[in-house]
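>>> how would this look folded up:
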Amino acid sequence: MAMQFFENAIPRIQALFRRLYFAQPQTLGKKLILFTRSESVLILIAAGIGIAVGGVILLFNWAVEFAGEHFLTLFELSHSNQMWQYLLIPLIPALGGLGVGLLQTYVFKAKPGHGVPEVILASRFSRGRIQRRVILQKLLTGALSIGSGGGGGREGPIIHVGAAVGISIANLFRLTRDQSRTLIACGAAAGISGIFNAPMGGVMFVLEVILGDFRLKTFTPVVVSAVAATAITRNAYGSFTLLSAPSGFTIELPEYLLFALLGVIMGFVSAYFTRVIIFVENYSHEHLRVAEVFRPAVGGLLAGIMILFLPSLMEQTYTPVNDALHATLPIWLMLVVAFLKPWHTAITTGTGGTGGVFAPALKSGSMVGAVFGMLMMMIFPDLVKTPTPYALSGMGAILAGTMHAPLTGILILIEISNDYSIVLPAMLTAIMATVIAQRYLRNSIYTWSISKPGTNIGSYAYVPLLNSISIDQIVERGVAHVMTHTPIRDILIIFEQTRHDAVLVLDDEKRYLGLIEFDDVRSFISERELVEELVAADVMVTSIKPVFEHTTLDVILKLFDDYGWSVLPVLENDDSRRAIGLVTAYDAQTYYRRSVTRES
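From the prediction side, this is the model:
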């Protein structure tokens, strides 16, 4: 009797040790993953991203200045030769463009892009991928393109680089899809905050333009990342401001009518700026019959011809903008720069050059605003004392109009000018410009290239009530199921033959007992003996909380966020415990974002 007892007990003890042996590393790994997925740790990770991006900004600025100094030497040599300067100067940006084309085509093997639309796709909609190589790619191509006289600004590349840093760290810690989206946004916020020394504007840019998400759990890490990056750049450069505008001006009450008129004008200017970008890029893709590697060089050549006659179009410094703020430029010159700047930028970025549209828009806005202010001084000399507030307001208004983001335009203007007396005029002009621009263009300067025909990607996220959305439409029905005694060998065959993320473990009456994900059995593929010996009961997970067909989306998303699960079993009701399928975190989050997009 005792002998028989031991003979029956030995296989059970062996099975128990097998479970302990294989469950131990997996449990520890999952505990580590769950630890890194907690909100407190996420804030620390966001701070690390901000510090890393701050360091990258210092490197990027150095690279742009280094390239700019060497290309400037070429410009000076070209100017010294009166006979050949008209031929040599356009060739300098073309040389920079050729370098960009060679790097993109043969080194990084990547398609050119503005940067911000790609970040919007990855963060707001979880579509598209941001590769780690973007970091080095944008650093080098941005330095060559901007330093050689291209028309793009620094913010586009650095936002893309920041997002690449964020997703790289998210992948390192194996964070959830929602947390990865947040860290992409953290990197983008760190980039825009550090490059402009504007942490509040950087945060608002990400929440309003990139994510369209104002939840506290998103807001907190984004703020931390922006602060960390700005602290790094301020430690290196000091508490600098990009603009050097006269201060101490006063605004009379009747002037607000003029600011409202300026806002309307800037709305049309914003629409013009955006339409030029769209037109040139579309025309380039459809009609520029040049090999991909040479396209940036062609754009550089055309941009070089423009800066040959109008050097103020170059984007290496903010000197032309500061001149407009001080009203030291003639009106005709500012009008010409404002008119041609979007063409200069579009020719660079539309042919494959690297650069953003943020800084170029600021230049056009300052020029139009300054011209408007100077004209108003002539017409109403007793009322308008200086054109400076009009030039500043024009800058904020064009940002708001082109991005369809008035809060971002207002905050960034205040921070880069360090002048809070401009708040009220900036608010008025930004709102007016946004209303006019949205009336003529459904999509912003960043979203037109990623929106599908007949759809609109809103500038703000419409947040429907989560507790009013049922999960019925996203339940994956007909999922494969097994019994507790099903061999692991058969379960591996099921995963091989189907695309399911998990299989359900049910009893004889189809009641739910547990769940097996592919990751739970992946390690057994090379262990033939274990594949033959183990059964479903040995590896199934019973700790995952099931949900029900009537469960609403708010409950589902909270479970995914709190526990880091990737899939949940769906039951008919708590009494019968009959399983009807699965719902995945990806499907739940995608369904919600699509609901948001439809309502935006």
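>>> CA atoms only: put the helix or strand containing residue 345 into PDB for me.
Using DSSP states H and E, residue 345 falls within helix 331-350. In PDB, the C-alpha atoms belonging to helix 331-350 read as follows (Å, rounded to 0.1, in the frame of the first residue of the first chain):
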ATOM      1  CA  ILE A 331       8.200  97.200 -45.300                       C
ATOM      2  CA  TRP A 332       8.800  95.800 -48.800                       C
ATOM      3  CA  LEU A 333      11.500  93.500 -47.600                       C
ATOM      4  CA  MET A 334       9.400  92.100 -44.800                       C
ATOM      5  CA  LEU A 335       6.500  91.500 -47.200                       C
ATOM      6  CA  VAL A 336       8.700  89.700 -49.700                       C
ATOM      7  CA  VAL A 337      10.200  87.500 -46.900                       C
ATOM      8  CA  ALA A 338       6.800  86.700 -45.500                       C
ATOM      9  CA  PHE A 339       5.600  85.700 -49.000                       C
ATOM     10  CA  LEU A 340       8.600  83.600 -50.000                       C
ATOM     11  CA  LYS A 341       9.400  82.000 -46.700                       C
ATOM     12  CA  PRO A 342       6.800  79.200 -47.000                       C
ATOM     13  CA  TRP A 343       8.100  78.500 -50.600                       C
ATOM     14  CA  HIS A 344      11.700  78.300 -49.300                       C
ATOM     15  CA  THR A 345      10.700  75.900 -46.500                       C
ATOM     16  CA  ALA A 346       8.500  73.800 -48.800                       C
ATOM     17  CA  ILE A 347      11.200  73.400 -51.400                       C
ATOM     18  CA  THR A 348      13.600  72.100 -48.800                       C
ATOM     19  CA  THR A 349      11.300  69.700 -46.900                       C
ATOM     20  CA  GLY A 350       9.100  68.800 -49.900                       C
END
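>>> helices and strands around it, which ones?
Applying 3 or more CB pairs under 8 Å, 6 or more residues apart in numbering; DSSP states H and E, one finds that helix 331-350 contacts helix 255-287, helix 295-309, helix 358-379. Backbone N, C-alpha and C define where each C-beta goes, glycine included.
>>> what residues of the first one count as buried?
What it means is helix 255-287. 255, 258-259, 262-263, 265-267, 269-278, 280-281, 284 (16 or more other CB atoms under 10 Å).
>>> got it, and the shortest one?
Of the residues in helix 295-309, those with enough neighbours to count as buried (16+ other CB under 10 Å) are 295-308.
>>> now residue 584: how far from residue 474?
Look at residue 584 and residue 474: by CB to CB, to the nearest Å, they are 8 Å apart.
>>> again, but for residue 330
Residue 330 sits 61 Å away from residue 474, going by CB to CB.
>>> quick one, grab the pLDDT at residue 593.
Listed pLDDT for residue 593 reads 67.
>>> ok, residue 48 next?
Predicted confidence (pLDDT) for residue 48: 94.
>>> that older thread, which among the buried residues of helix 295-309 gets closest to residue 80?
Closest approach between the buried residues of helix 295-309 and residue 80, by CB to CB: residue 308, at 14.6 Å.
>>> contacts only, for the closest one.
Applying CB atoms under 8 Å, 6 or more residues apart in numbering, we find residue 308 in contact with 85, 86, 89, 90.
>>> would TSV of those residues with secondary structure be doable?
Formatted as TSV, these follow (DSSP: H, G, I helix; E, B strand; the rest coil):
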residue	secondary structure
85	helix
86	helix
89	helix
90	helix
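>>> just the buried subset of those, please.
Buried members of the contacts of residue 308, scored by 16+ other CB under 10 Å, are 89, 90.
>>> least confident of the contacts of residue 308?
When the contacts of residue 308 are compared, residue 85 shows the smallest pLDDT, 72.
>>> would you agree that one is in contact with residue 79?
Yes: look at residue 85 against residue 79 with CB atoms under 8 Å: they come within range, at 5.5 Å.
>>> one step back: the more surrounded of residue 330 and residue 474?
residue 474 (21 against 11; other CB atoms under 10 Å).
>>> and the protein, what are its domain boundaries?
34-237, 255-291+308-440, 466-599 (automatic domain parsing).
>>> so which of these is nearest residue 249?
domain 255-291+308-440 (5.1 Å).
>>> and the end-to-end length of the closest one?
27 Å (CA to CA, to the nearest Å).
>>> pLDDT on that domain, on average?
91.
>>> would you map the helices across the stretch 451-600 of the chain?
488-497, 518-521, 528-533, 536-539, 553-563, 585-599 (DSSP state H, counting those that start in this stretch).
>>> quick one: which of these is nearest residue 142?
Using CB to CB, the helices of the stretch 451-600 of the chain put helix 585-599 closest to residue 142, at 30.0 Å.
>>> and the longest helix for this structure?
What stands out as the longest helix in the chain, according to DSSP state H, is helix 39-80.
>>> give me the angle between that helix and helix 553-563.
Calculated by axes from the mean of the first three to the mean of the last three CA atoms, to 10 degrees, helix 39-80 forms an angle of 90 degrees with helix 553-563.
>>> spit out the contact partners of the closest residue to residue 573 other than its chain neighbours.
Nearest residue to residue 573 in three dimensions, chain neighbours excluded: residue 548, at 5.9 Å (CB to CB, 6 or more residues apart in numbering). Residue 548 makes contact with 570, 571, 572, 573, 574, according to CB under 8 Å, 6+ apart.
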